[in-house]
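In: Dropping a prediction and its sequence here:
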Amino acid sequence: MPSTDASGAAPTVVELTLGDVAHGGHTVARHEGRVVFVRHGAPGERVRVAVAEPGEGDRFWRGDVIEVLEASEHRVEHPWALADALRAPSPDHVPGGAEFGHLDLAYQRELKGRVLREQLARLAKLDAADVGFEAVEPALDERVDGLGWRTRAAFGVDASGRLAMRAARSHRLIHTPALPLAVDAINGLGLDDADLNGLGRVEVAAPAAGGTPLVLVVPSVPDAGGVRRAGAAAKRVARAVGDRASLALLTQQGGAAADGAGSLRRVSGRTWVSETAAGHAFRVSGEGFWQVHRTAPETLAGAVLGLAGAAEGEDWADLYAGAGLFSAPLAAAVGPTGSLLSVEGAPGTHRDARRNLHHLPQAAVVHGRVERVLREHAGSRPDGVVLDPPRSGAGKGAVAAIAGTEARRVVYVSCDPASFARDVALFAARGYRLRRLRGFDLYPHTHHLETVAELVRER
């Protein structure tokens, strides 16, 4: 039980009965009339909660369970000891990324389904049951323990030059020698044995089907001196991992390395990994985007193609297309007599898409913002549109542009139930009805879920 918080002051601890789950991985409780959003609990539990910096004038508080007085029947031993809030010295010593690990997997999925239903009802005025949603489904070939699924992992570097992860809502870095959610290829690299001084971030991509992982390292300081130190650190890492991984250094241009605008320098091996999904091969560079769960690409591609029903000779658009995960099978489905417009905004990921789709002449691969590209193709009238926007969703501008194509079917892939429900309401205002909806647990032991929905044009 923590005796102090991050500032060294004694924390405010309150005893609460937890209410239902809310979007973001919290349960909702009340203390003297004030709402408290609580992590690491379960609906119905009686707990003691450490409140983070409570203020008397605050509309709500945030807190973390530090002791369970009456436990939920769904509470289990956390599979990752480092991320177990009940074992941590204080809440800011718990790394993010496994906030549902104290609950059994079936109940995690039940809670995620509740959140999806609540967001649809509140923001889109829809009953999820009316559009065929029954329950959140596991990914294809999911392990019974929900571990070993991450093929991508991002780490920080602590003051001692060791591999670390950030605590949730905190800048504190926690030494992370192993990540149980990651595939064995990541944990087997031995990165915890390397001297990472000079690096600010380390990202690893391991091909789901096996093969050599790629380690991407980023300088702690983006100036010339920082890049030199990072280069030396990259060579140390290359020696530490040997031939178990390729290595590349990503330097920033204007502080924008995370969005694919950096400069990628090969240190050893390749600067990309090979992936396969839906019968197609993909090359994904170190700065490109690919689904994190080892079977997410196959799971999502199957769901998208099933709802799209794209046929020979049709015209489709794949927006926020990434490396072409959906573009390739859609282009194959419409065949040489159809067409596929693949749109991606991130430069590095767009380059991946161009390589991955170059053998499909019916695929036009375009770089740019969705709204601009659709405006430039205003004369086209696709039969259908697939979109997989970032967590913030498509938003008013993109929804208006998509509706302006008068596509008969829209298949929407989302990783955030709130932005998805908001966009469903925006589509409804422009004549599109949500007809079918599926939910997938592609992030076991976290609060995140993925949805795939079909919307149809009614006017």
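Out: Yes, it's here.
In: how about stretch 100-108: buried residues?
Out: 100, 101, 102, 103, 105, 107, 108 (16 or more other Cβ atoms under 10 Å). Bear in mind the C-beta positions are built from the backbone N, C-alpha and C, glycine included.
In: Torsion angles phi and psi at the residue nearest to residue 292 when sequence neighbours are not counted?
Out: Closest residue to residue 292 apart from its sequence neighbours, by Cβ to Cβ, 6 or more residues apart in numbering: residue 152 at 4.7 Å. Backbone torsions of residue 152, given as degrees, to the nearest 10, read phi -130, psi 140.
In: Residue 152: neighbour count?
Out: Residues contacting residue 152 under the criterion other Cβ atoms under 10 Å number 21.
In: Quick check: the gap between it and residue 346.
Out: If you measure residue 152 against residue 346 using Cβ to Cβ, to the nearest Å, the figure is 15 Å.
In: ditto for residue 458
Out: Counting by Cβ to Cβ, the gap from residue 458 to residue 346 is 33 Å.
In: Hmm, residue 425 and residue 396 touching each other?
Out: No. Using Cβ atoms under 8 Å, residue 396 is not in contact with residue 425, being 10.7 Å away.
In: Residue 458 and residue 346: who's more crowded?
Out: residue 346 (21 against 10).
In: which non-adjacent residue is nearest residue 162?
Out: residue 175 (5.1 Å).
In: Just list whatever residues bridge to that neighbour.
Out: Beta-bridge partners for residue 175, by DSSP bridges, are residue 164.
In: Can you tell me which of the buried residues of stretch 100-108 is closest to residue 162?
Out: Closest approach between those and residue 162, by Cβ to Cβ: residue 101, at 22.6 Å.
In: Next up, the contacts around the closest one.
Out: By Cβ atoms under 8 Å, 6 or more residues apart in numbering, residue 101 lies in contact with 78, 79, 80, 83, 84, 445.
In: Report the contact partners of the third one.
Out: By Cβ under 8 Å, 6+ apart, the residues touching residue 80 are 98, 101, 179, 180, 181, 445.
In: isn't the last one right next to residue 148, touching?
Out: Going back to what we said before, that points to residue 445. No. Using Cβ under 8 Å, residue 445 makes no contact with residue 148, being 11.2 Å away.
In: quick one: low-confidence parts of the stretch 151-300 of the chain?
Out: The stretch 151-300 of the chain contains residues with pLDDT under 70 at 252-262.
In: in it, which spans are helices?
Out: 184-187, 224-241, 296-308 (DSSP state H, counting those that start in this stretch).
In: Export these as CSV, with columns for mean neighbour count and distance to residue 385.
Out: CSV is the format used below for the helices of the stretch 151-300 of the chain (neighbours: other Cβ atoms under 10 Å; distance: least, Cβ to Cβ, whole Å):
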stretch, mean neighbour count, distance to residue 385
helix 184-187, 18, 35
helix 224-241, 18, 41
helix 296-308, 21, 9
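In: thinking again about what came up before, biggest separation within the contacts of residue 101, which pair?
Out: 84 and 445 (11.3 Å).
In: Who has more neighbours out of those two?
Out: When neighbours are counted by other Cβ under 10 Å, residue 84 and residue 445 differ, and residue 445 comes out ahead with 25 against 16.
In: Return the distance of the more buried one relative to residue 434.
Out: 29 Å.
In: can you check residue 318 too?
Out: Relative to residue 434, and taking Cβ to Cβ, residue 318 is found at 20 Å.
In: Kindly report the same for residue 278.
Out: 24 Å.
In: out of the two, which sits in the more crowded spot?
Out: Higher neighbour count among residue 278 and residue 434: residue 434, with 25 against 18, using other Cβ under 10 Å.
In: three-state assignment of residue 120?
Out: Assigned by DSSP: H, G, I helix; E, B strand; the rest coil, the conformation of residue 120 is helix.
In: from memory residue 316 sits against residue 383, does it?
Out: Yes. Using Cβ under 8 Å, residue 316 is in contact with residue 383, at 6.3 Å.
In: Which one of these two is surrounded by more residues?
Out: residue 316 (28 against 20).
In: Tell me, what's the model's pLDDT at that one?
Out: On the pLDDT scale, residue 316 is placed at 98.
In: Equivalent analysis for the one 3 residues further on, please.
Out: On pLDDT, residue 319 comes in at 98.
In: what about the residue nearest to residue 162, how many neighbours?
Out: Residue 175, neighbours per other Cβ under 10 Å, totals 13.
In: How is the chain divided into domains?
Out: Domain assignment for the chain by automatic domain parsing gives 12-75, 112-141+291-457, 152-275.
In: winner for burial among the ones you listed?
Out: Of all the domains of the chain, domain 112-141+291-457 carries the top mean neighbour count, a mean of 20, counting by mean count of other Cβ atoms under 10 Å.
In: now for the contacts of residue 80, which pair is the farthest apart?
Out: Between any two of the contacts of residue 80 (Cβ to Cβ), the greatest distance is 12.2 Å, for 101 and 179.
In: ok, back up a step: which members of the contacts of residue 101 occur in strands, if any?
Out: Assignment to strands by DSSP state E places none of the contacts of residue 101 there.
In: List the beta-bridge partners for residue 250.
Out: Beta-bridge partners of residue 250, as defined by DSSP bridges: residue 264.
In: correct me, but it touches residue 264?
Out: Yes. With contacts counted by Cβ under 8 Å, residue 250 reaches residue 264, the gap being 5.5 Å.
In: any common contacting residues for those two?
Out: 216, 286, 287.
In: Only C-alpha atoms, please: export the host helix or strand of residue 36 in PDB.
Out: Assessed by DSSP states H and E, residue 36 sits inside strand 34-39. The C-alpha trace of strand 34-39 is given here as PDB (Å, rounded to 0.1, in the frame of the first residue of the first chain):
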ATOM      1  CA  ARG A  34     -18.500  13.900  -6.600                       C
ATOM      2  CA  VAL A  35     -17.800  11.400  -9.400                       C
ATOM      3  CA  VAL A  36     -14.500   9.400  -9.100                       C
ATOM      4  CA  PHE A  37     -13.000   7.600 -12.100                       C
ATOM      5  CA  VAL A  38     -11.200   4.500 -10.700                       C
ATOM      6  CA  ARG A  39      -8.700   2.300 -12.400                       C
END
